[in-house]
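Peer 1: quick one, what's the 3D model for this:
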Amino acid sequence: MKYNLKNNFDKERFKKRVNFLYGNERVVILQEMTKRTLKQNNYLHLILTAFALETGYTLECVKRNFFKLEVNKDLFLSEERGNFGTKQALKSTTQITKDNLSIAIDRFKKWSSDNGIYLPEPEDEEYLAHLEIEASRLQRYI
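Peer 2: Residues are numbered from 1 along each chain as shown. This is a model prediction of the structure:
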């Protein structure tokens, strides 16, 4: 359950729920929700697109195999334990914090550069605008 602690009604509901769980000695997970910004999400999509256009891989392949597994495995790969052992799962970018997504983006840009592929900086608005146009034009191929 999510609670917005800026809202007084949610604050009270949160307190009641925490006290109930605490009193019943339950196992809980407390997680702070930090949303990535729309600008950050758009930038990530554009640099993944740039990589895909440059290399000929699909956007999904770039995101999964290079961005998540090759460069940022420690942030995206998790182990889930179940009745029949453990399995590995890939987290969505929505499941990591804004700060960790920034780290992941920086790592991917460096890794790409080390492999001969230039990815634009967030301030390179002209190039990013060009990428948006190319991505929409070539969407069915990537």
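Peer 1: burial measure for Ser78, as a count.
Peer 2: 13 (other C-beta atoms under 10 Å). Using the backbone N, CA and C atoms, a C-beta is placed for each residue, glycine as well.
Peer 1: helix or strand for the residue nearest to it when sequence neighbours are not counted, which one?
Peer 2: In space, Ser78 comes closest to Ala89 once its chain neighbours are excluded; the distance is 5.5 Å by C-beta to C-beta, 6 or more residues apart in numbering. Element membership of Ala89, judged by DSSP states H and E, is strand 85-90.
Peer 1: which elements pack onto that strand?
Peer 2: strand 77-82 (3 or more C-beta pairs under 8 Å, 6 or more residues apart in numbering; DSSP states H and E).
Peer 1: which residues does the strand it packs on contact?
Peer 2: The contact list for strand 77-82 (C-beta atoms under 8 Å, 6 or more residues apart in numbering) reads Lys68, Leu69, Thr86, Lys87, Gln88, Ala89, Leu90, Lys91.
Peer 1: quickly list the domain ranges of this structure.
Peer 2: 1-33, 34-137 (automatic domain parsing).
Peer 1: winner for burial among these?
Peer 2: When the domains of the chain are scored by mean count of other C-beta atoms under 10 Å, the highest mean neighbour count falls to domain 34-137 (a mean of 15).
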